[in-house]
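# give me a 3D structure for the following:
(one chain, ligands or ions: 1)
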Amino acid sequence: MDSLSQLRNEISRYLTDSEARRHDPVGPIDELVRDTGLLEVNGAWVVSSHRLVSALSADRRLSVDARLGGSEPRFAQPRTLDHVFGLMLNVRDGVDHRRLRGLVSGVFTARRIAELTESAATLVESALDHESLDIVADLGVRLPMRMNSELVGVPAEDRAQVLRWVKALAGQLDRFGQTETEVSQAERTLAEFADYIHALLAKRRLDPRDDIMTRLVQALAQHMLSTDELVAFVITLFVNGLDTLSAALGNVLWTILGQPGLLPKLTNREDARVAFDEAVRLCSPIRLSARTALSDVEVDGQTIPAGSVVLFYWAAANRDPEFTDAPAEFRMDRGALGSYAFGQGPHQCLGAQLARLTGAELISRLATRFPESTVDTTTGEVRWQGELVFCSPEQLQVKLVPRGAMAVA
Ligand code: HEM
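From the prediction side, this is the model:
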């Protein structure tokens, strides 16, 4: 077997076998970028090099709408679930995508994000008042829920219910083969969440605030989006902001605590932000994102046929030696390198600044109060999620240890 066929087998196994991902969060990506930037694997085209990811992520022939690939519809009859999911910002192309994204980009301003990180800081401080902390399943849920709720305008007393709806709907996004009972349950959840969003909308009409809900109410009045698009928008922000951030916090803390002597040096917010960026580059929380080829696409002498699934392997491009030197090493001195961890092109993450500032806040406060913290493995080694898209520990229990406590013990 030639080396490319062998690599194809290894990548295929890694992308299809959740057990392989549970045991190895990174997988054979260093070999992938060393040997090829574009590889056809089981009919999908894996784009992994810095050069090709950068070029193709801006290519309009690659659509975010998976339905355009001509695949079988998920359900035999049209369902509200698919209708609303199909209106979400991250699965819209071109003009519609720009129209929707433009409605809220002003909310993600530096001033608003600074206010939100103050709120994140309060939550982090109270979470640090314990002996140990689960970064993924506890803080990693409470922190993004608090910030997204403040951004959108969901009052504190409603957040537990909104979290239940968001978790139930996130679990439905790409699922095939549900039973009739499961689909009906998901449709009921969607209807309840939509009713709630409409009630909030009515409140904001009477009492405008500096939040996303108010912006969307104004946009609706000017016919800049439909009511279903509005509901889909709110769901997009919650669904995209929750699991991504909990995965990232777990991933980043695991990486930082794995670098001997690093945490105590990160008390300053700016250093903490540099460490966050380097950690998400080295071990990216969102491994890859999918596109559909709308027409044949010629790349470096190969043809991606129309209708193919194309995977932008962000985690691999981040570790391409043509992107940065010694890419498999954690380094604090890479300067303003940027990374593919938040995607690239028109769909680049809307919440990236918010996520980076939140992560930096957690790291710098942990470094200041508990610089000798360690990953707590008393109940077993860290287990990784088997998810394809998310790369994250299932849980990450951190033992909060102040300076000098290890020596005393
Ligand atoms: C560290 C945490 C996060 C990571 C690693 C991350 C990663 C990503 C990536 C890779 C994409 C591009 C997907 C694609 O090209 O198909 C994306 C898009 C997106 N992200 Fe994030 N994200 C994070 C946090 C957040 C947060 C906190 C929010 C909400 C406040 C958010 C909202 C979004 C939205 C709405 C999109 C779609 C943008 C569009 O299609 O125009 N993300 N994110």
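# where does pLDDT dip in the stretch 301-409 of the chain?
Applying pLDDT under 70 to the stretch 301-409 of the chain flags residues 406-409.
# now the chain
Regions of the chain meeting the criterion pLDDT under 70 cover residues 69-78, 174-178, 406-409.
# and it, which of its residues are near the ligand?
64, 89-90, 101, 144, 148, 236-237, 240-241, 244-245, 248, 285-286, 289, 314, 341-343, 347, 349-351, 354-355 (Cβ under 6 Å from any ligand atom). (C-beta placed from N, C-alpha, C; glycine too.)
# does whichever residue of the stretch 1-150 of the chain sits closest to the ligand belong to a helix, a strand or coil?
When scored by Cβ to the nearest ligand atom, the stretch 1-150 of the chain has residue 90 as its residue closest to the ligand, at 3.6 Å. Classification of residue 90 by DSSP: H, G, I helix; E, B strand; the rest coil places it in helix.
# was I right about it contacting residue 240?
Yes. With contact defined as Cβ atoms under 8 Å, residue 90 and residue 240 form a contacting pair (6.5 Å).
# just give the nearest non-adjacent residue to the residue of the chain found nearest the ligand, would you?
Residue nearest to the ligand within the chain (Cβ to the nearest ligand atom): residue 351, separated by 2.3 Å. Distances taken as Cβ to Cβ, 6 or more residues apart in numbering place residue 241 nearest to residue 351, at 5.3 Å, with adjacent residues excluded.
# which residues sit in contact with the one you found?
Residue 241 is in contact with 144, 147, 148, 351, 354, counting by Cβ atoms under 8 Å, 6 or more residues apart in numbering.
# so which strand or helix has it?
helix 227-257 (DSSP states H and E).
# report the inter-axis angle for the next helix or strand after that helix versus helix 227-257.
On the C-terminal side of helix 227-257, the nearest following helix or strand under DSSP H and E is helix 269-282. Orientation check (axes from the mean of the first three to the mean of the last three Cα atoms, to 10 degrees): helix 269-282 against helix 227-257 gives 100 degrees.
# helices of the stretch 301-409 of the chain, start to end?
In the stretch 301-409 of the chain, the segments counted as helices under DSSP state H, counting those that start in this stretch are 314-317, 352-369, 405-408.
# and the residue nearest the centre of the chain, what does it touch?
Centroid-nearest residue in the chain: residue 244, 3.0 Å away (criterion: Cα atoms, centre = their mean). Residue 244 sits next to 144, 285, 286, 349, 351, 355, 390 when contact means Cβ under 8 Å, 6+ apart.
# those residues: which two are farthest apart?
Pairwise distances across the contacts of residue 244 peak at 15.1 Å for 351 and 390 (criterion: Cβ to Cβ).
# returning to that earlier point: can I get the helices of the stretch 301-409 of the chain in TSV with mean neighbour count and distance to residue 154?
Shown next, in TSV, are the helices of the stretch 301-409 of the chain (neighbours: other Cβ atoms under 10 Å; distance: least, Cβ to Cβ, whole Å):
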stretch	mean neighbour count	distance to residue 154
helix 314-317	28	30
helix 352-369	22	16
helix 405-408	9	39
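# can you redo these as JSON lines with distance to residue 219?
Below are these laid out as JSON lines (distance: least, Cβ to Cβ, whole Å):
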{"stretch": "helix 314-317", "distance to residue 219": "31"}
{"stretch": "helix 352-369", "distance to residue 219": "21"}
{"stretch": "helix 405-408", "distance to residue 219": "52"}
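# now the angle from the helix or strand harbouring residue 140 to helix 227-257?
In the assignment (DSSP H and E), residue 140 maps to helix 140-152. Counting by the same axes, to 10 degrees, helix 140-152 lies at 140 degrees to helix 227-257.
# which SSE is immediately downstream of helix 140-152?
If you walk from helix 140-152 toward the C-terminus, the next helix or strand you reach (DSSP H and E) is helix 159-170.
# quick one: contacts for residue 293?
Shown in contact with residue 293 (Cβ under 8 Å, 6+ apart): 45, 61, 62, 63, 69, 304, 305, 306, 307, 308, 310.
# for residue 98, that is, sorry about that
Counting by Cβ under 8 Å, 6+ apart, residue 98 touches residue 346.
# wait, residue 246 sits on residue 142?
No. Residue 246 sits out of contact with residue 142 when judged by Cβ under 8 Å, with a separation of 9.4 Å.
# the two: which is more packed in?
Between residue 246 and residue 142, counted using other Cβ atoms under 10 Å, the more crowded position is residue 246 (26 against 18).
# what sits closest to that one if chain neighbours are left out?
residue 140 (3.0 Å).
# any figure for the gap between that neighbour and residue 243?
Taking Cβ to Cβ, to the nearest Å as the measure, residue 140 falls 9 Å from residue 243.
# so how far is residue 354 from residue 339?
In terms of Cβ to Cβ, residue 339 sits 16 Å off from residue 354.
# for residue 89, same thing?
From residue 89 to residue 354 the distance is 15 Å (Cβ to Cβ).
# mind listing the helices for the stretch 51-200 of the chain?
Taking DSSP H, counting those that start in this stretch as the criterion, the stretch 51-200 of the chain carries its helices at 80-85, 94-104, 110-127, 140-152, 159-170, 180-206.
# between the helix or strand following the longest one and helix 110-127, what angle do the directions make?
If I follow you right, that is helix 180-206. Downstream of helix 180-206, the first helix or strand assigned by DSSP H and E is helix 212-221. Interaxial angle, helix 212-221 versus helix 110-127 (the same axes, to 10 degrees): 140 degrees.
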